[in-house]
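[1] fold the following, please.
(one chain, ligands or ions: 1)
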Amino acid sequence: MNDVKKEDKSAAAHGKCMVSRRQFLLYSGASAAAVSTVSISLFPGTSEAKTMKAKVLGYPRKLIAKLSDLKDHQPVNFNYPNDGPNTSCMVVKMGNVKSGGGIGAKSDVVAFSYLCTHQGGPMQGTYKAVEDQRVLGQCPLHLSTYDLRRHGIIVSGQAYQSIPQVLLELEGDNIYAVGMMGLLFGHRENLMES
Ligand code: FES
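    This is a model prediction of the structure:
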């Protein structure tokens, strides 16, 4: 009987240890990320069944611009998902050209990272609209160019990954960044500061 109690205490201590470690992993270096709390059931149907609170790390929902303030082909800069290194992004209204992930009445408002996925070349000022083409590039380092109508896929140059696209939501006139497709240059995880 005593042995059983000892095991229970040991399991409880182990459980606490795991929760602490998990919390450490969730929080370390991720101060700007959104954290929500959910209830989870552990060991259902067993004598150790219990409900615990778990903290889930997610992308922040960040107000980045007003739709009514955007002018065709004039990018507006912001940082996402936090203000750490290599988080420079832009949102742009691409003159009524419907685009993957686009929001607004014409699905022509999109947002992307400014950092080239090859070696992090800064692409501020390289947005171009030529006829129905909408690109970011050429990268000043090795000339990579990305198609912003098609989720930022590589068109030419040294890079081999799409430029990360910021997922957007429109609520009234407010444009929110809510997530990201693709890994930001210089990050092991987008939600961790480099
Ligand atoms: S860093 Fe952009 S193409 Fe090399």
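
[2] how about the residues of the protein near the ligand?
    116, 118-121, 139, 141-144, 157-159 (Cβ under 6 Å from any ligand atom). Any C-beta I mention is one placed from the backbone N, CA and C, and that applies to glycine too.

[3] most neighbours, which of those residues?
    Greatest neighbour count in these, by other Cβ atoms under 10 Å, goes to Cys116: 29 neighbours.

[4] who touches that one in this structure?
    Pro122, Met123, Gly137, Cys139, Leu141, His142, Ser144, Ala159, Ile163, Phe185 (Cβ atoms under 8 Å, 6 or more residues apart in numbering).

[5] can you give me the end-to-end distance of stretch 58-72?
    Start-to-end span of stretch 58-72 (Cα to Cα, to the nearest Å) is 31 Å.

[6] revised request: answer the last question for stretch 183-191.
    With Cα to Cα, one end of stretch 183-191 sits 10 Å from the other.

[7] returning to what we had before: can I get the contacts of Cys116 in TSV with pLDDT and secondary structure?
    What follows is those, written out as TSV (pLDDT from 0 to 100; DSSP: H, G, I helix; E, B strand; the rest coil):
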residue	pLDDT	secondary structure
Pro122	98	strand
Met123	98	coil
Gly137	96	coil
Cys139	98	coil
Leu141	97	coil
His142	97	coil
Ser144	98	coil
Ala159	96	coil
Ile163	97	coil
Phe185	95	coil
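
[8] from those, pick the one nearest Val76.
    Ranked by distance to Val76 (Cβ to Cβ), these are led by Met123 at 15.0 Å.

[9] OK, contacts around that closest one?
    Contacts of Met123 by Cβ under 8 Å, 6+ apart are Tyr114, Leu115, Cys116, Leu136, Gly137, Cys139, Pro140, Ile163.

[10] show me what contacts the second one?
    This means Leu115. Asn86, Ser88, Gly121, Pro122, Met123, Ile163, Leu184, Phe185, Gly186.

[11] how about 7 Å then?
    Counting by Cβ atoms under 7 Å, 6 or more residues apart in numbering, Leu115 touches Asn86, Ser88, Pro122, Leu184, Phe185.
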